[in-house]
Structures are given as structure tokens and as C-alpha cells.
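Novice: give the three-dimensional model of this entry:
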Amino acid sequence: MAEFVTLEQQDGVRMPWNVIPGTKQEASNSVIPVSIFYTPLKPLSSNPNSPPLLPYSPLRCRSCRSILNPFSVVDFAAKIWVCAFCFNRNHFPTHYASISDDNLPAELFPQYTTVEYESPSENPNPRNPNSSVCLFVVDTCMIEEEIGYLKLALAQALELLPEESMVGLITFGSFVNVHELGFGGGVPKSFVFKGGKEITKEQLIEQLGFFGKKPKPVTGVVAGVRDGLSAESITRFLLPVSECEFVLNSLLEELQKDPWGVAADERATRCTGTALSIAAHLLGACVPGQGARIMGFVGGPSTEGPGAIVSKNLSEPIRSHKDLDKDAVPHYHKAVKFYEGLSKQLVHQGHVLDLFACALDQVGVAELKVAVEKTGGLVVLAESFGHSVFKDSLKRVFQTGEYDLGPASNGIFEVNCSRDLKVQGIIGPCASLEKKSLLCSETVIGQGNTSAWKMCGLDKATTLCLFFDIAKKDNPDAIGEATSNQFYLQFLTYYQHHSGRMRLRVTTLSRRWVAGPGSTQDLVAGFDQEAAAVTMARLVSFKMENEAEFDPIRWLDRSLIRLCSRFGEYQKDSSNSFSLSPRLSIFPQFIFHLRRSQFVQVFNNSPDETAYFRMILNRENVTNSVVMLQPSLISYSFHSAAEPALLDVASVSPDRILLLDAYFTVVIFHGATVAQWRKEGYQTMPEHKTFAELLQAPRDDADGLIKERFPVPRLVICDQYGSQARFLLAKLNPSATYNSSNAPPGGDVIFTDDVSFEVFLNHLQRLAVQ
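Specialist: This is a model prediction of the structure:
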């Protein structure tokens with residue numbers, strides 16, 4: 001696995017198949033789809049061979065528009081380069097006149113397969129580096145205590161924002177209030193809109209008096225200073241932090257619970273959809289095409305206006321997975337349709353929607369998922385605005401330094417590939433730009449039918465999963481003749497760096513095809529089991545959301561059996577003879593944990609939680625996603641240093657401390673004896689210093705994990721046999737259950753009817769050899 005991680009550090013790429021099945025039939029037989037995980041903004045500084053930033057424009061092929069790269073064939077004498085994708089011959093421009101074997105431009109260095117351009121001609125006068133725009137959309141239908149927590153968090157966020165950043169404030173409850181921050185005369189002023197009524201952009205512009213006494217332009221779209229809006233009218237609602245900090249803090253301090261009364265048998269009147277729609281219109285009128293974020297802070301379900309997920313009447317429960325399966329969801333489809341429209345508007349404007357949902361009830365994350373995901377927004381789900389998960393995550397959004405998110409905006413992502421590959425689509429935080437070309441496959445997965453995508457918001461962790469189709473080629477010999485066994489891929493990410501300048505990152509890859517009788521060995525040698533497991537996780541989540549009557553467990557089991565039959569070594573009908581190459585041996589274990597994970601098992605999770613987990617899975621890199629599927633477990637004891645432990649109930653022991661990292665939760669679990677000693681206070685006695693160190697070691701490691709992760713995970717500290725031990729036991733392989741005779745003394749048993757990994761593997765071997 002290590003060599004795949006090294007490749008990832010160089011280009012930000014992981015692939016299940018690093019050697020590609022060469023024909024359509026081979027690809028189909030290989031079970032795991034031909035796919036690529038690509039992190040467009042992965043920091044390359046960790047790579048010693050990272051190229052410098054190139055201060056000029058890239059050189060493009062005249063025919064296919066791909067960019068000069070180390071795989072292009074160069075004729076130095078004739079000053080010509082041949083494109084690796086379409087074989088077109090291109091002349092070098094005059095400023096490349098001195099090019100020779102010993103004098104290469106950076107983009108032709110063999111080790112610089114990923115380069116980044118920042119052309120001065122495209123950045124003649126970049127906007128103020130930090131003048132990003134943040135529009136806070138704040139829910140006021142909450143108890144005073146929650147509003148207090150939220151005020152504190154927002155005041156801290158304001159302190160962390162750069163002084164040039166523009167901010168605006170909208171609050172909502174039964175009505176939507178758009179606050180005017182740049183008012184004259186010292187009296188706070190806000191514009192009030194009815195929550196149950198949909199407002200168009202034109203109505204908003206008129207009501208907010210953007211044109212004052214001047215006539216509105218008769219034709220054309222009203223959008224920003226360029227199209228007729230005066231800078232003064234924009235700064236009434238969006239002002240740099242340095243100019244409105246006092247006003248904004250006073251408004252936040254005076255923020256109170258929604259004044260409209262709520263009957264005992266009703267939910268609060270909350271118009272989340274109307275508020276977000278007004279926020280989108282406001283940004284669309286003031287700052288179109290500029291990196292701007294709508295940050296929604298929601299504390300309960302939307303019950304009024306477009307996007308409502310439940311009625312006000314408390315006798316009607318909020319939709320569950322069972323209701324969605326039975327299609328007994330009167331509000332769901334309508335709300336999703338509304339948010340799809342909102343996502344199109346935001347993508348067109350180049351703006352991002354972030355969602356911070358903090359409530360014990362559901363708030364509608366499942367409906368909002370489409371708008372957050374297509375705009376590349378961030379999402380945080382917590383129980384309360386006072387919870388560390390929310391408070392620390394919000395700080396991380398604005399933090400600068402070692403653990404910052406490295407946010408960028410206005411991205412466009414394009415793919416170019418050799419003609420035997422077709423793009424099926426992307427599962428990840430992006431929106432299709434509907435650029436149909438010969439590269440598009442007829443079968444679509446995720447955002448397909450295009451070779452270019454819009455990424456309104458992206459950061460250094462954002463990872464896309466691209467799926468490919470092998471173009472029909474059933475004659476294996478033809479491959480050798482046509483393409484000399486090599487094929488090429490190029491990813492172009494054009495984005496606005498947080499310095500305000502436009503940049504272009506270009507990654508060019510080369511891999512080889514194999515086909516025919518001897519190809520199995522080559523395929524296995526290039527198999528990356530972690531990337532394959534995460535591909536299956538993204539694909540099964542996508543299918544569960546988009547295919548009716550889809551049975552995820554059966555689909556995963558059948559895929560695994562087919563893979564083991566194809567690549568395992570065995571004698572027919574003899575399960576004892578079955579063995580898998582070390583390159584594939586951990587894959588069944590990943591699938592076993594995927595079947596039990598929160599992505600597939602929706603029981604005991606609300607639709608909001610499931611949507612949240614899937615949104616995070618769809619934007620994270622392979623290493624983090626693997627932790628979500630199969631958590632890591634570390635054991636601490638007096639007898640040995642911290643060491644990895646099996647994710648099995650047999651690892652539980654009274655004299656051990658276990659640290660479980662399940663990505664969304666980090667659990668520190670004290671065995672019964674350790675817990676007893678801790679309660680007796682041995683760690684405070686000087687003669688038991690080693691015990692104090694033993695207790696501290698997992699805390700330090702947990703803090704290290706929490707510090708570098710977004711959203712910040714929930715920390716659970718629990719004892720063996722305590723109620724919160726369930727956070728650990730639910731993730732362990734149930735090798736000892738209540739009805740098995742092999743429970744270890746002092747260990748634990750799991751009360752479940754789930755099969756253990758051993759039983760799962762035996763069944764797999766029996767079915768694979770048939």
C-alpha cells in the first residue's frame with residue numbers, strides 16, 4: 001500500500017487498478033470499476049520534487065486543447081511537440097526558442113507530472129486578496145441558551161475573519177430579516193420578508209431599494225457593480241469586517257429568540273428555504289462570480305414556505321428512512337426540487353452554501369444535501385451550538401496556519417484522456433457544466449454526460465472520484481498496435497487561490513493497459529485495496545440514493561464473490577484450497593466492515609445523519625475514507641508501548657486502554673481494572689506516575705487526531721461495561737457474542753446476531769470456489 005501513498009503525494013491520485021483492464025469485457029470481469037480519486041488542491045509542498053509555481057501561461061494543443069506535459073514527444077531541432085492525446089503536431093511559440101535537451105521548461109521535466117501556472121496576463125489587477133464574502137444566515141427559532149452559544153461562536157468567527165473580508169447578516173424565524181449594516185444615522189435597520197412566500201431576485205432588488213431614486217436598467221441582468229448597481233448600495237448589506245465589526249457585534253448581542261409565539265402542540269414557524277433563497281438572490285445581485293459563501297446556522301426543522309420538511313403540527317413526525325422507502329413523505333420531493341433549483345442558481349453565480357445544523361431533532365440535511373454538495377459547501381452536524389463539534393469546526397473554517405482548510409473558489413475541473421477511455425461521471429462535490437464531447441460515455445455515474453465540472457468551493461482535502469468506461473475493444477492484439485500499451489489522462493483545475501489570483505493546476509498521468517490470458521498477474525500487482533474499498537463505498541451510497549429497490553448488501557456480496565472467483569487461487573469446489581494474493585487479502589475485510597457501516601446500515605440513523613455521513617465520504621480522500629469504513633484501534637497497556645490492535649471484541653481487556661478512531665467519533669475506552677484504578681485516584685499519587693502517563697498517552701494521541709480533522713470529531717471517554725462503551729462495541733468484529741462459548745475471561749461479549757468476520761470469510765470461500 002505504501003507505494004500507492006507515495007504516488008498520491010506526487011499527484012494527489014489513487015486508483016483501484018493501477019494497471020488498467022484493456023477491453024470492455026476484461027473491465028467488466030474485473031468487478032471493481034475503473035476509477036480514479038483525485039485531490040485537485042492537494043498541497044505538493046510535502047513532496048520534495050514539487051515544482052515551482054510557473055509565472056506564465058500554459059501551452060495548449062491546437063486540436064484537443066490539452067496542455068504540454070512530460071509525456072509529449074518533443075522534436076528539439078524542428079521546435080515541434082506532439083500531443084500525447086490526439087497525436088497532433090504543434091509548433092513551439094517564439095519564447096520557447098532556446099528549448100533543448102539540456103534546457104527544458106519546467107512542464108517537460110519527467111518528475112513534474114503536476115504543475116501549477118499563475119499567469120500575470122490573467123491576473124492584471126487581482127481583487128483584494130482576502131476580500132472573500134461571508135453571508136451569515138442565522139436561525140432565531142431556538143431556546144435562549146442555544147442562541148447564547150451561537151452568538152458566542154459567531155463573535156469568535158468575526159475575530160478570526162481577515163479585516164478586508166466582506167460580511168452580511170440575515171436572521172430568520174417566522175419572517176426573514178435582511179440587516180442593513182452600512183446604514184447612516186445610527187439607527188439599526190432591517191428589511192422584513194414574509195417566510196411563507198417565495199421572493200424573486202427582481203422583487204428583492206426592488207424592496208431593498210438598490211436603485212434608490214435612479215431608474216432600474218430596462219434590459220440585462222442586474223449583477224454587481226458591473227451591471228448598474230452602485231458600490232454604495234452594495235455596501236449597505238455587505239461591508240468589510242473592519243468597517244462593520246461594531247455594528248455586527250451589537251446586532252449579534254441584541255439577537256433574541258423569534259418573538260412569534262408557538263402553541264404547545266406545534267413546532268416553531270421556521271422558514272429556512274426562504275431565508276437561503278433570499279441570501280442567494282442578495283449575493284447574486286451584489287457579488288456574482290466572486291468567491292462568496294452563504295453560511296447557514298440552523299437549529300431545527302423548516303416548517304414554513306418553500307423547502308419545508310414537515311408541517312407545524314407536532315402530531316406529524318419528521319420523515320424516517322422507513323417513510324422514504326414507502327414514499328410516505330408529503331414534503332420531501334417538493335423540498336428536494338426547491339433545493340435543486342437553489343443549487344443551480346448558486347452554481348451559476350459561483351457561490352457556496354455551507355450548513356451548520358445543530359439540533360437534537362432533524363433539520364432537513366437530507367433535502368439540503370443537493371445544494372451543499374453541488375456547490376462544494378461544508379457541512380457540520382452536532383447536537384447543540386454549545387457542542388465542541390460545532391464550535392471547533394467553525395473555528396477551523398476561518399483558521400489560518402498549519403491546519404487551515406486552504407479554501408479556494410470558482411473552480412472549473414476538466415478531464416482529457418486517451419481515446420480508448422470514456423468518462424462516465426464524478427461522484428463528489430461538483431456540478432456538471434454539461435460540456436458534451438467525444439470523451440463522454442453513454443453510461444452515466446454521478447455527475448456525467450460532460451467533460452467539465454464547476455467547483456464553486458474546494459479546499460485542500462476535496463477529493464473527486466471519477467469513473468471511466470473502456471471503449472469497446474474486444475481484440476486484445478489491437479491494443480498493442482494502437483497505443484503501445486500506454487494511455488494518458490490529464491486533469492485541469494482552474495481556480496481562484498485565496499490570494500485572489502487565478503491559477504491552473506495540471507496533472508498528467510500515464511498508466512498501461514493489459515489484456516489477454518496473462519493479464520491477471522499484472523492486474524493484481526497494480527491493485528490498490530484501499531482505493532477499491534472506497535470506490536465501492538461511494539458507489540453503493542450513490543446507488544442507494546438513486547436506484548429504487550436496490551439491495552446494497554446483496555450487491556456488495558455478489559461483487560466480492562465475483563472478485564474472489566476471478567482473482568483467487570483455488571481448486572474447484574474445494575474451499576480449503578482457496579487463497580488470495582497479499583495484494584487482495586485485506587479487501588474482504590474492508591467489505592465486511594462496509595456492510596456494517598453507517599453508509600449501508602441506515603437502521604438507527606435518521607435520514608439527516610445518513611446524508612451527512614455520505615456527504616463527508618464523498619469529499620474526503622482515500623486514507624480518511626478508509627478510517628470511516630474500517631476504524632483504527634490502538635491499544636495501551638503497562639506491558640507494551642502503544643500498538644495497533646485487531647478491530648475485534650477479543651482486543652477488549654480489563655487492564656488495557658483502547659483508542660478507537662472512527663473518523664466521526666474518537667473513543668478512549670478504559671478497561672474495567674484501569675477504570676477502577678482511575679476512580680481510586682492512583683494517577684494523582686507520585687509513586688504511580690507511570691499510571692498517570694498511561695492515562696495521558698491516548699488523550700495526547702486523540703488530541704492530535706482531532707486537531708487535523710474537519711469536521712471536528714466527537715470525543716467519547718468511556719469505561720468497560722459503561723453505557724457509552726457502545727460507541728466502541730458497535731464497531732468491533734463480534735467474534736464473541738452472547739450465544740458463543742468462547743468468550744474470553746475478563747473480556748467482553750457483543751449482544752448481536754451479526755455474523756463474525758470468520759464466519760463471513762468461510763461463506764465467501766465456499767461460494768467463490770463454486
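Novice: tally of neighbours for residue 196?
Specialist: By other CB atoms under 10 Å, 15 other residues sit near residue 196. (Glycine included, C-beta is placed from N, CA and C.)
Novice: so which strand or helix has it?
Specialist: Using DSSP states H and E, residue 196 falls within no helix or strand.
Novice: which residues are in contact with it?
Specialist: By CB atoms under 8 Å, 6 or more residues apart in numbering, residue 196 lies in contact with 271, 274, 304-305.
Novice: and residue 179, that's in a strand?
Specialist: Yes - assigned with DSSP: H, G, I helix; E, B strand; the rest coil, residue 179 falls within a strand.
Novice: before we move on, back to that, now for the contacts of residue 196, which pair is the farthest apart?
Specialist: The most widely separated members of those, counting by CB to CB, are 274 and 304 (7.5 Å).
Novice: what do these two both touch?
Specialist: 195-196.
Novice: could you export whichever helix or strand residue 276 is part of as CSV, CA atoms only?
Specialist: Taking DSSP H and E as the definition, residue 276 sits inside helix 272-286. The C-alpha trace of helix 272-286 is given here as CSV (Å, rounded to 0.1, in the frame of the first residue of the first chain):
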residue,chain,number,x,y,z
THR,A,272,-35.2,28.1,6.3
GLY,A,273,-35.8,27.7,2.5
THR,A,274,-37.0,31.3,2.1
ALA,A,275,-34.0,32.7,4.0
LEU,A,276,-31.5,30.7,2.0
SER,A,277,-33.2,31.8,-1.3
ILE,A,278,-33.1,35.5,-0.3
ALA,A,279,-29.4,35.1,0.7
ALA,A,280,-28.7,33.6,-2.8
HIS,A,281,-30.5,36.4,-4.5
LEU,A,282,-28.7,39.1,-2.5
LEU,A,283,-25.2,37.6,-3.3
GLY,A,284,-26.3,37.2,-7.0
ALA,A,285,-27.2,40.8,-7.2
CYS,A,286,-24.2,42.2,-5.3
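Novice: which residues sit against the helix or strand following it?
Specialist: Going down the chain from helix 272-286, the next helix or strand is strand 292-298, by DSSP H and E. Contact with strand 292-298 is made by 132-139, 150, 154, 272, 275-276, 279-280, 283, 346, 349-359, 363-364, 377, 385, 409, 457, as judged by CB under 8 Å, 6+ apart.
Novice: one more: stretch 549-559?
Specialist: Against stretch 549-559 from outside (CB under 8 Å, 6+ apart): 31-32, 536, 540, 543-544, 591, 594-595, 600.
Novice: just those residues now: which is nearest residue 88?
Specialist: Closest approach to residue 88 among the contacts of stretch 549-559 (CB to CB): residue 32, at 33.6 Å.
Novice: okay, now the closest one: neighbour count?
Specialist: 22.
Novice: and for residue 180?
Specialist: Residues near residue 180, counting by other CB under 10 Å: 18.
Novice: pretty sure residue 521 sits in a helix.
Specialist: Yes - Residue 521: assigned to a helix according to three-state DSSP.
Novice: quick check: closest non-adjacent residue to residue 389.
Specialist: Leaving aside its chain neighbours, residue 389 sits nearest to residue 382 (4.1 Å; criterion: CB to CB, 6 or more residues apart in numbering).
Novice: that neighbour pairs with what?
Specialist: residue 358 (DSSP bridges).
Novice: what's the spacing between it and residue 721?
Specialist: Applying CB to CB, to the nearest Å, the value for residue 382 to residue 721 is 27 Å.
Novice: more neighbours: these two, which one.
Specialist: More neighbours surround residue 382 than the other of residue 382 and residue 721, with 20 against 11 (other CB under 10 Å).
Novice: right, and that one touches residue 392 too?
Specialist: No - at 9.9 Å, residue 382 does not count as touching residue 392 under the criterion of CB atoms under 8 Å.
Novice: which residue packs closest to residue 167, ignoring adjacent ones?
Specialist: Residue 167 sits nearest to residue 134 (CB to CB, 6+ apart), 5.1 Å away.
Novice: which helix or strand lies directly C-terminal to whichever strand or helix holds the one you found?
Specialist: Using DSSP H and E, residue 134 falls within strand 133-139. Counting by DSSP H and E, the next helix or strand C-terminal to strand 133-139 is helix 144-160.
Novice: the residue lying closest to residue 652 once chain neighbours are set aside: which element?
Specialist: Take residue 652 and drop its neighbours on the chain: the residue closest to it by CB to CB, 6+ apart is residue 748, 4.3 Å away. Residue 748 is part of no helix or strand when elements are defined by DSSP H and E.
Novice: per-residue pLDDT of residue 748, please?
Specialist: Residue 748 is assigned a predicted lDDT (pLDDT) of 75.
Novice: where are the low-confidence patches of the chain?
Specialist: The chain contains residues with pLDDT under 70 at 45-49, 122-130, 184-186, 212-228, 472-484, 739-747.
Novice: geometric centre of it: which residue is closest?
Specialist: Nearest to the mean C-alpha position of the chain, by CA atoms, centre = their mean, lies residue 619 at 1.8 Å.
Novice: now do the same contact list for it.
Specialist: Applying CB under 8 Å, 6+ apart to residue 619 gives the contacts 376, 428-429, 461-463.
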